[in-house]
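[1] fold the following and give me the result.
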Amino acid sequence: MRIFFLFIIALFAGQIVFAQATITENFQEKTIQPNIVQNLRVNHDPRLDKMVNWHIEKNKKINGVEGFRVEIFFNSGMDALELARNKKVAFLSKYPDYSVNIKYDAPNFKVRVGDFRTKNEALKLLKTINRSYPMAFIVPDIINFPLLKTKNYE
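    Numbering: from 1, shown residues only. Take a look at the predicted model:
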């Protein structure tokens, strides 16, 4: 009985070991696709193409990506724009590494800081500026495309 089980285990182990094929071609020169993918036809409702195109056009119009910012000021008074500009200058003098945007949502002028992809990134800034701006809070917003930083491995 033991010999039978050892034979079965050896048979499965042999299948696993020899089941992987090696490809010697260079992947950078040529992409290998199986025949089933080359001859694949997908039948779908034509409205699906219309919805996908609508989604692509909508994303092109917003000129940014969904993300988060920290709102440090909003006001709707007569001198709200001047106060917002002063708040922007004051923030940039303390924290010059962050981008600051003034946004007008009728009737409020808002000063929003940063371009964060996740709420956790915005929370780090919020904790940093909490003493200077105790009324600051995180808001979802359309942010500018993030800049890619080059990595220095030296």
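[2] the lengthiest strand in the chain pairs with which strands, parallel or anti?
    Counting residues, the longest strand found in the chain (DSSP state E) is strand 65-75. Strand 65-75 has the following strand partners under DSSP bridges: strand 108-116 (antiparallel), strand 137-143 (antiparallel).
[3] got the CA coordinates for the helix or strand following the first one in PDB?
    Proceeding C-terminally, strand 108-116 gives way to helix 119-128 as the next helix or strand, assigned by DSSP states H and E. As requested, the backbone C-alpha atoms of helix 119-128 are provided in PDB (Å, rounded to 0.1, in the frame of the first residue of the first chain):
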ATOM      1  CA  LYS A 119      -6.700  60.300   2.500                       C
ATOM      2  CA  ASN A 120      -3.800  59.000   4.600                       C
ATOM      3  CA  GLU A 121      -1.300  61.300   2.800                       C
ATOM      4  CA  ALA A 122      -3.700  64.300   3.500                       C
ATOM      5  CA  LEU A 123      -4.000  63.200   7.100                       C
ATOM      6  CA  LYS A 124      -0.200  63.500   7.600                       C
ATOM      7  CA  LEU A 125      -0.400  67.200   6.500                       C
ATOM      8  CA  LEU A 126      -3.400  67.800   8.600                       C
ATOM      9  CA  LYS A 127      -1.600  66.600  11.700                       C
ATOM     10  CA  THR A 128       1.400  68.700  10.800                       C
END
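[4] same for helix 119-128, what does it pack against?
    Applying 3 or more CB pairs under 8 Å, 6 or more residues apart in numbering; DSSP states H and E, we find helix 119-128 packed against strand 65-75, strand 108-116, strand 137-143. Heads up, the C-betas are built off the backbone N, CA and C, glycines and all.
[5] can you give me how far the next helix-or-strand element following the longest strand of the chain is from the chain middle?
    Moving toward the C-terminus from strand 65-75, the next helix or strand (DSSP H and E) is helix 80-94. Distance, stretch centre to chain centre, for helix 80-94: 28 Å (CA atoms, centre = their mean, to the nearest Å).
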